[in-house]
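Visitor: Pasting a predicted model and its sequence here:
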Amino acid sequence: LFSAFVPLVVKICSSPGLYSDPSLSAAAALSLGKVCMISSEFCESHLRLLFTIMEKSPLPGVRCNLIIAAGDLGIRFPNLVEPWTSHLYARLRDPCPSVRRTAGLVMTHLILKDMVKAKGQVSEMATLLIDPEEAIMGVAQNFFGELSKKGNAIYNLLPDIISHLSDPDCGIEEKSFHTIMRHHFSYITKDKQTENLVEKLCQRFRTARTERQYRDLSYCLTLLSLSERGLHKLQDNFDCFADKLQDPAVYSCFQTVLARFRRAGCKPEAKALVEELEQKMSASHNQGLDSAETCQESSETPVPASIRQKSKAVSRRQPLRTDTRDEDFVTPQPRTLRNHKRTQKHPPSKKPMITFSSDEESSSEEDVPAVLQEDETPTKTTPITRSSARRLR
C-alpha cells in the first residue's frame, strides 16, 4: 500500500519549484521521513534528499519536521545517520528561532541517549547559551546540566570546546566566549581535573595563532581554583606562555590567578613559589615591552647627515637629455701617452695568486657526500664544471 505513494512523495520533495504550496511541502517532507523509518535500504538511498531539503527549504515548518524525522532515524538506524550528524549540528545556527529550538531538543535527546557521540561539535550546543531567545538558552542549560551528571563528560569535552569557540572562523565575540566559559567551568570541581586542565591549557599556548586565542586561554585559567599542585603545573609549563606575557591582557590574567591563590591562604613554601612565578612573569612581560620599544626606536632612527648630503648632491645632478642630436655622437680623439717609457720600465707588479693544495681539495671533497638522497635529486639536469679538476690538471 505504501509503495504506491512513495514515487509521489519523492517527486513532490524533489521538485520544490513545481510543488510550492507550503502545506503540501510540509506534508510531503513529513511523509518522506516516516517512509524512511520503514526500510533501511530506502532510508539509505533517500537520506541525501532528506538532509538537502532540511538545509535549503525556505519554510521553517518543513525544516522543523525533517529535524524531528532525522532524530527518529538516528535512533532507528544510527549507523546510517551518523555520517550526517554535522548537518544536524548545523541547524543549531539556523536563522529561525523555532528551528534552533527544535534542533537543540533533538540533539539533547540523541546525545544523552548515546545515539550520537559527543565530540568537538558540541561547541555548537554551547553557542545556544548566548542565544537571544530565553527558551533556547534554557534548552542549552538543561543539556549541559544533564551532561555534567555523566561522569567526566564536560571535562573531556572542554579543551575541544575552547579550541572551537576561540577559533577566529567561529565568529564568537570575546564577551560571549567569557559567558560560555563561566558556565562550563562551573562544572569543574575536582582538584585532579583542575590540575590536568591547567597543563592542557598551558600546552594550548604553543598551538595558538592569534592574540585573541592567547587572551581566551589565559581567561580560562582565571576560572580555575588552583591548588598547590596546580601552581606547580603552572610553573612547569612556564615556557609555554612566557613569550605571550608581553600582551597586557594575558599578563593581567596570570596576575589574577596568582592573586586569587594568595588570597585563598597557602603555606610559606607556596608563597615562595608564588613570588618566584611573579618575578619570572614580570621579567618576561618587561622584556617583551623593552623589545617592542627597541623595534619602534629602530624604525624611527634619523638618517645620518652624510647620507642626506649625498642624496642632495645626487638630486642636484642634471637629468639626462632626451633630445639628442647627431653632433652629440662624436668619437673622441685618442689620448697621447706621455709617460709611455716610464710605464715600460716599471711593469705592474703581479698580484700574488692563491693556490690550494691537493690535500685540501681532497679533504673538502671527502667531507661532502657524493650520493644524493631521493628528495635532493633535481628534476632538470644541468652540466656541472668541476673547477678543482682543472687545477689538478
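Guide: Yes, it's here. This structure is a prediction, so every number in the text was calculated from the model and none was measured.
Visitor: Mind listing what's buried along the helix or strand hosting Ile53?
Guide: Of the helices and strands defined by DSSP states H and E, Ile53 is found in helix 40-56. Residues of helix 40-56 classed as buried under the neighbour-count rule (16 or more other C-beta atoms under 10 Å) are 42-43, 46-47, 50-51, 53-54. Backbone N, C-alpha and C define where each C-beta goes, glycine included.
Visitor: Mind checking what helix or strand follows that helix in sequence?
Guide: Counting by DSSP H and E, the element after helix 40-56 in chain order, helix or strand, is helix 60-76.
Visitor: what's the angle from that following helix to helix 40-56?
Guide: An angle of 150 degrees separates the directions of helix 60-76 and helix 40-56 when computed by axes from the mean of the first three to the mean of the last three C-alpha atoms, to 10 degrees.
Visitor: Pull out the buried residues from the following helix or strand past helix 60-76.
Guide: Along the chain past helix 60-76, the next helix or strand (assigned with DSSP H and E) turns out to be helix 78-81. Counting neighbours by 16+ other C-beta under 10 Å, one finds that the buried residues in helix 78-81 are Val81.
Visitor: Which secondary structure elements does helix 78-81 sit against?
Guide: In terms of contacts (3 or more C-beta pairs under 8 Å, 6 or more residues apart in numbering; DSSP states H and E), helix 78-81 is packed against helix 40-56, helix 60-76.
Visitor: Quick one: those as JSON lines, columns for mean pLDDT and distance to Ser225 too.
Guide: Written out in JSON lines, the entries for the helices and strands packed on helix 78-81 read as follows (pLDDT from 0 to 100; distance: least, C-beta to C-beta, whole Å):
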{"stretch": "helix 40-56", "mean pLDDT": "95", "distance to Ser225": "43"}
{"stretch": "helix 60-76", "mean pLDDT": "95", "distance to Ser225": "38"}
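Visitor: Throw these into CSV and include distance to Thr179, thanks.
Guide: As requested, the helices and strands packed on helix 78-81 are exported to CSV (distance: least, C-beta to C-beta, whole Å):
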stretch, distance to Thr179
helix 40-56, 28
helix 60-76, 26
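Visitor: For Lys233, find the nearest of those.
Guide: Nearest to Lys233 among the helices and strands packed on helix 78-81 is helix 60-76 (39.7 Å), distances taken as C-beta to C-beta.
Visitor: just to revisit the earlier point, out of the buried residues of helix 40-56, which one sits closest to Asp236?
Guide: For the buried residues of helix 40-56, the closest approach to Asp236 (C-beta to C-beta) belongs to Phe51, at 47.2 Å.
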